[in-house]
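Trainee: predicted structure and sequence below. I'll ask about it afterward.
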Amino acid sequence: MSDKVAIITGASQGIGQATAIRLAKDFSKLVLVARNKANLAETAKAVEAAGAKTLVIDADLAEPAAAQAVVDKALAVFGRIDALLNIAGAVPQIDVFEMTDRQWDDGMALKLHGARRLTIAAWPALKETKGSVVLMSGNSAVFPKAAYAAVGTINAAISALAKAFSDRGIQDGVQVNSVLPGPVMTGRRRSYLEHWAPLHDMTVEEATARFPKKAGIARYGEPEEIAELMAFLVSPGAHWMTGTTLRMDGGEVKSV
């Protein structure tokens, strides 16, 4: 295990939680960030059981001042930042003709602008360590649909933002990539299926069973599988990979 520090947002559940637990194998110190303090405490227990120290920060990254506060706390406690994994962010799954301006703004505030501000705030520390950044997008960026326009639109913006950061990162020595997961079975995926099922005259159980076939995949992904990809991206072996958008979606051929 290296004496390195990683910040993981959205660490209270799903892919963020799985990533934090996985990174405990490679990083000696992890900064866990999310809004749900109770769930963060559970993640911290699992991370510490794996041998890494933790700093738990319950913060809403949709708030403009939160990003700098997270970075300041991380540096005050651990003294360095080697990796930043921007995983936090839920976007409303509402039809393009039904979303209000407020819903659009709320959807962008955490996942896009929260990640943007946190990356900028951490950048000087990442330059010092020649560190790595990963931004979590989603494969709806390449499969936009009217029924959940904000998800695809914001995910596409995140992929573009990551590419822009990577361009600056080439001269600053900071590696930046984005990840586009497909249908991973998390609490958020279950909520999506609960929304999707009645629109297609199905029960949630029927929708859960039929969705993979409609998407052209054999099964749902697991959070731990995405976590392994995230761990690789911030490992020494991947450091020459930058400005890349990586899909991990079981071969999904369409978004449904």
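Mentor: Ah, there it is.
Trainee: same question for stretch 59-75: list its buried residues.
Mentor: 59, 61-62, 66-67, 70-71, 73-75 (16 or more other Cβ atoms under 10 Å). Placement of C-beta: from N, CA and C, glycine included.
Trainee: so for it, mean pLDDT?
Mentor: For stretch 59-75, mean pLDDT is 97.
Trainee: need the contact partners of that stretch.
Mentor: 5, 7, 9, 31, 33-35, 55, 57, 81, 88, 106, 109-110, 113-115, 117-118, 120-122, 125 (Cβ atoms under 8 Å, 6 or more residues apart in numbering).
Trainee: OK, contacts around the residue nearest to Ile158 when sequence neighbours are not counted?
Mentor: Distances taken as Cβ to Cβ, 6 or more residues apart in numbering put Ser137 closest to Ile158, at 4.3 Å, once the chain neighbours are dropped. For Ser137, the contact set (Cβ under 8 Å, 6+ apart) comprises 155-156, 158-159, 162, 178-180, 245.
Trainee: need the max-distance pair from the buried residues of stretch 59-75.
Mentor: Ala62 and Leu75 (22.0 Å; Cβ to Cβ).
Trainee: helices of this protein, start to end?
Mentor: 14-23, 37-49, 66-78, 101-108, 115-129, 149-172, 187-199, 204-215, 223-233 (DSSP state H).
Trainee: looking at the ones you listed, which is buried most?
Mentor: Among the helices of the chain, helix 14-23 has the highest mean neighbour count (mean count of other Cβ atoms under 10 Å), at a mean of 26.
Trainee: so which elements touch that one?
Mentor: strand 2-9, strand 27-34, helix 37-49, strand 83-86, helix 223-233 (3 or more Cβ pairs under 8 Å, 6 or more residues apart in numbering; DSSP states H and E).
Trainee: residues in contact with the last one?
Mentor: What it means is helix 223-233. Contacts for helix 223-233 (Cβ under 8 Å, 6+ apart): 14-15, 17-19, 21-23, 25-26, 85, 87, 132, 134, 177, 179, 181, 184-186, 238, 241, 246, 248.
Trainee: what does the fourth one give?
Mentor: Contacting residues not belonging to strand 83-86 are listed as 4-9, 16, 19, 23, 27, 114-115, 118-119, 122, 126, 131-136, 230, 234 [Cβ under 8 Å, 6+ apart].
Trainee: who's in contact with Met185?
Mentor: Applying Cβ under 8 Å, 6+ apart, we find Met185 in contact with 220-223.
Trainee: buried ones from the residues you listed, can you make that a PyMOL selection?
Mentor: Typed into PyMOL, the line below selects the buried ones among the contacts of Met185, using 16+ other Cβ under 10 Å:
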select buried, resi 220+221+223
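Trainee: so which of the contacts of Met185 sits lowest on pLDDT?
Mentor: Within those, pLDDT is lowest for Tyr220, at 90.
Trainee: still on that earlier bit, and which of the buried residues of stretch 59-75 is nearest Ile170?
Mentor: Out of those, the member with the shortest distance to Ile170 (by Cβ to Cβ) is Val71, at 22.1 Å.
Trainee: as JSON lines, the buried residues of stretch 59-75 with distance to Ala207 would be great.
Mentor: Converted to JSON lines, the buried residues of stretch 59-75 look like this (distance: Cβ to Cβ, whole Å):
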{"residue": "Ala59", "distance to Ala207": "34"}
{"residue": "Leu61", "distance to Ala207": "31"}
{"residue": "Ala62", "distance to Ala207": "30"}
{"residue": "Ala66", "distance to Ala207": "35"}
{"residue": "Ala67", "distance to Ala207": "37"}
{"residue": "Val70", "distance to Ala207": "37"}
{"residue": "Val71", "distance to Ala207": "41"}
{"residue": "Lys73", "distance to Ala207": "41"}
{"residue": "Ala74", "distance to Ala207": "40"}
{"residue": "Leu75", "distance to Ala207": "45"}
